[in-house]
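>>> Okay, structure incoming, though there's no sequence with it:
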DNA sequence: GTCTATATGAAGATAGAC
DNA sequence: GTCTATCTTCATATAGAC
C-alpha cells in the first residue's frame, strides 16, 4: 500500500530524536533551535510538532530512553559469585555501555539543569536506581571483608565519576582498545576499593 | 572626591562577573541573556557593554580567571618529600579549592563547548598544565616503586574525574566536614594508585 | 558610566492549506 | 504528515542623550 507523498511518520520520529541528540550534545540544549533540528531532518520546523509537544519533551524523551536502556542493560550484564566479580562486571559494563553512547551520556549529565522540575525528578529517580545497584555491590564487599571502603555512598559516586571520565577522552581510533580501557579502569577501581587482585 | 552620580566603574565590573557566574552556573551560558545579567546587577543591558565587548568575552574571562587562580594556588599548596605526600596534598588541595568555588568549577567543565575555538584552545592549555602536575606526581611514584598505576595518563584523568565528582553532591551543611571529605577521597585515591598506607 | 530607544534578527509555537 | 505563513516574544548589540 503506497503511502501519501510526504508522509513518513514511521521514520521521521526516530530521525528527529537522532538529530536532536547529536545537536544537543554538540551545542547544548539551549543553543539549539527547533529550526536547526528540522533542517537536519529535512523538514520544516512546524512538522516537528507532530512528534513532540514542545522542545522540553524532546529533551526529556532522550534522557528517559537513555536511562531506561541503561537500567535494563545493567540488569542483564552484571553478575558474579563474589562482590569483586560483580564489581568487575559492573565496571566493564558501565564503560562499554557509555563508550558506545557518547552523545546520550553527555546529554544525560550536562542537560539536567534544562529539565523542568518534574522531569528532573523523574530522571533523578532512574539515576538513583542505577547508583544503588553499585552501592549494593560495595556494601556486600564490605560486609564480607572483601573491600576496604571508608564510605560506600561516596565511593559509589566517586567510582561512577571516575568511570564517566572515560568519555572525555576515549576515541575508537585511539591507542587503546575498549577492552584495554576496561582493564585499566578495572585495575584502578579494584585498587580504590581495596580488593585483592586475583580473588575474582 | 565625589563621583558623578550613577558612575560606579570600580564596583560594577566585579558585580557583573558575579552575576554572570551565578546565572551561567545555574541556567547555562546559552540560556542566560544579557538582560538577565543586567537586571541582577541593577543596570540596563546596554551598560554591560562598557565592561565587556560581548557575551563570549564575559564567559572566557570567568573561565580564564578560574584557571589562572587554580594554577597559582596549586603551586603554593602542593608539596611533600615523597610522591605519596605530594599526591595527598594535591588531593586535599583540589577538593578544598573546588568545594569553595562550585559555580566556577561547574562553568569550567560545562561551558567549554560555548567558547570560540580560539578561547577554547587557551583554556585547554591552562587545564593541561594542571593535569600535567598530577601526572608528574604519578610518574614519580611509579618510577620509585611507590605506586602501582597501569597508565599514568588515564590514572590522571580518572583521579581528577573522581575528585571533581565531589561537587555534584557536597553541601557545606551536609553530614561530612570538608576535612572528612578530603580524608575519604584521599583514602580512595591512595588505594587507586596502589600506595601503601602510612608511608606518607 | 548609565540611560532610553532602537536596529536587526531569530526564537518557540500555532493555524490552516494541501 | 508536511508545508507556508505568521504571531509574539525575546535575543545581542549599538547610537546618542545626559
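That came through fine. These figures come from a predicted structure and were not determined experimentally. Numbers count the residues shown, from 1 in each chain, chains lettered A, B, ... in the order given.
>>> Now residue A:197: phi and psi?
Main-chain torsions, residue A:197, degrees, to the nearest 10: phi -70, psi 140.
>>> Sorry, wrong one. I was asking about residue A:33.
Per degrees, to the nearest 10, the backbone of residue A:33 is at phi -100, psi 160.
>>> same check, this time on residue A:145
The phi/psi pair for residue A:145 (degrees, to the nearest 10) is phi 70, psi 10.
>>> Next: the one 10 residues further on.
The main-chain torsion angles of residue A:155 are listed as degrees, to the nearest 10 and equal phi -60, psi -40.
>>> Which of the three states applies to the closest residue to it other than its chain neighbours?
Leaving aside its sequence neighbours, residue A:155 sits nearest to residue A:149 (CB to CB, 6 or more residues apart in numbering or on different chains; 4.6 Å). Quick note: C-beta positions are derived from backbone N, CA and C, even for glycine. Under the three-state scheme (DSSP: H, G, I helix; E, B strand; the rest coil), residue A:149 adopts coil.
>>> Please list all residues in contact with residue A:149.
With contact taken as CB atoms under 8 Å, 6 or more residues apart in numbering or on different chains, residue A:149 is in contact with A:138, A:141, A:142, A:155, A:193, A:194, B:188.
>>> What subset of those residues is buried?
A:138, A:141, A:142, A:155, A:193, A:194, B:188 (16 or more other CB atoms under 10 Å in any protein chain shown).
>>> Let me see the mean pLDDT of stretch A:46-64.
Computed over stretch A:46-64, the mean pLDDT rounds to 98.
>>> can you check stretch A:161-173 too?
The pLDDT scores in stretch A:161-173 average 97.
>>> where does chain A come near DNA strand C, residue by residue?
Contact residues (CB under 7 Å from any atom of the strand) of chain A with DNA strand C: A:32, A:33, A:34, A:35, A:36, A:45, A:46, A:49, A:53, A:54, A:55, A:56.
>>> got a list of what the last one touches?
Going by CB under 8 Å, 6+ apart, residue A:56 touches A:114, A:115, A:116, A:119.
>>> ok, 10 Å please
Shown in contact with residue A:56 (CB atoms under 10 Å, 6 or more residues apart in numbering or on different chains): A:29, A:114, A:115, A:116, A:119.
>>> ok, back up a step: out of the contacts of residue A:149, list just those in helices.
Residues from the contacts of residue A:149 lying in helices, with DSSP state H as the criterion: A:138, A:141, A:142, A:155, B:188.
>>> could I get those as a markdown table with distance to DNA strand D and pLDDT?
As requested, the ones in helices among the contacts of residue A:149 are arranged in a markdown table below (distance: CB to the nearest atom of the strand, whole Å; pLDDT from 0 to 100):
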| residue | distance to DNA strand D | pLDDT |
| --- | --- | --- |
| A:138 | 44 | 98 |
| A:141 | 49 | 98 |
| A:142 | 50 | 98 |
| A:155 | 41 | 98 |
| B:188 | 41 | 98 |
